[in-house]
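Student: please work out how this folds:
(one chain, ligands or ions: 2)
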Amino acid sequence: MEITVLGSSSKGNSILISSRSDRILVDAGLSYSYIRGALSRLGVEAEELSGLLLTHEHGDHTAGVLRFVKNHPGVPVYSTRPTLWSLRLERGANPVTPGRVFTVGEFTVRPFPVPHDALQPVGYRIESGGRVAAVALDTGSVNRALIEALRGSHSLVVEANHNRRMLREGPYPFPLKRRIADPLGHLSNDQCGRLLKRVVDPGTRTVVLAHLSEKNNTPSLALSEVVEHLVGDGGGTAKPPPLGGGITIEVAKPREIVGPFKV
Ligand SMILES: [Zn+2]
Ligand SMILES: [Zn+2]
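Tutor: Numbers count the residues shown, from 1 in each chain. Ligands and ions are numbered 1, 2, ... in the order given. I've put the predicted structure just below:
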């Protein structure tokens with residue numbers, strides 16, 4: 001099983017998960033032509049995807065969906081009912097329920113709820129042949145359910161949206177700053193680091209920091225703040241640091257392929 005980020009930032013997101021026989025896309029929030037081009041550079045034709053899974057209806061996760069569906073009507077679309085409804089995709093698509101496992105080809109998929117200001121947003125825990133990848137993008141805060149959903153994953157794609165100080169002192173109008181920092185908004189680097197400290201274990205092979213804000217974050221800040229939690233005592237707990245050898249931490253790029261990573 002492999003995971004490849006086709007592109008990810010607060011402006012657009014799409015992630016490919018592949019096994020020997022199946023390929024699924026999580027979100028199509030970049031333009032259809034970008035996604036199709038990125039897939040074809042990876043040797044994947046869009047029409048051979050086993051499924052398109054959507055986390056929620058926001059444009060940075062769905063901008064390419066309608067053209068994708070129009071051009072590849074044979075690729076099944078999966079998301080929660082309210083998300084499908086808001087995209088007018090309820091006909092012919094596959095509604096999923098948070099917590100209820102479904103299969104796409106040889107993948108076993110568990111959607112899990114995430115705290116975010118959308119109709120019914122989810123992340124996905126995806127399993128094949130005993131390997132587990134999890135994707136949690138827009139997430140305003142960390143709760144027990146989220147930690148449980150991510151625990152035991154061999155590869156993780158998690159939001160590290162902003163540096164708190166850059167958000168506070170940056171150019172966004174106050175209501176938008178407040179919305180981003182809200183428990184239903186987006187995870188800061190610091191929150192992401194605390195979350196990872198609780199879910200990363202010796203079995204974790206890859207962590208990709210995703211959905212970075214281009215205005216309120218930098219790749220090096222995201223990486224250093226997260227690593228600080230994982231190797232040091234940034235979490236303020238007596239727990240030993242979970243970072244052993246063998247773990248790769250990468251930062252996703254807005255419009256560039258990052259990966260593939262073996263799950
Ligand atoms: Zn969102
Ligand atoms: Zn988003």
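Student: correct me, but Asp22 touches Glu106?
Tutor: Yes - contact status for Asp22 versus Glu106: in contact at 5.3 Å, counting by CB atoms under 8 Å. (Each C-beta comes from the backbone N, C-alpha and C, glycine too.)
Student: which one's more surrounded, those two?
Tutor: Asp22 (18 against 14; other CB atoms under 10 Å).
Student: so how many other residues sit close to the residue lying closest to the more buried one once chain neighbours are set aside?
Tutor: Spatial nearest neighbour of Asp22, chain neighbours left out: Gly105 (3.2 Å); criterion: CB to CB, 6 or more residues apart in numbering. Gly105: 14 surrounding residues under other CB under 10 Å.
Student: for the longest helix along the chain, packing partners?
Tutor: As assigned by DSSP state H, the longest helix anywhere in the chain is helix 219-231. Judged by 3 or more CB pairs under 8 Å, 6 or more residues apart in numbering; DSSP states H and E, the packing partners of helix 219-231 are helix 189-199, strand 206-210, strand 248-251.
Student: pLDDT score for the residue nearest to Asp22?
Tutor: With respect to pLDDT, Gly105 scores 96.
Student: quick check, it in contact with Gly51.
Tutor: Yes - contact status for Gly105 versus Gly51: in contact at 7.3 Å, counting by CB under 8 Å.
Student: any residues in contact with both of the two?
Tutor: Listed as contacting both Gly105 and Gly51 by CB atoms under 8 Å, 6 or more residues apart in numbering are Ile24.
Student: residue ranges with poor pLDDT in the stretch 151-263 of the chain?
Tutor: Within the stretch 151-263 of the chain, the segments meeting pLDDT under 70 span 233-245.
Student: skip the chain neighbours and tell me the closest residue to the residue of it at minimum distance from ligand 2.
Tutor: With CB to the ion as the measure, His211 is the residue of the stretch 151-263 of the chain nearest to ligand 2, at 5.6 Å. Leaving aside its chain neighbours, His211 sits nearest to Glu159 (4.2 Å; criterion: CB to CB, 6+ apart).
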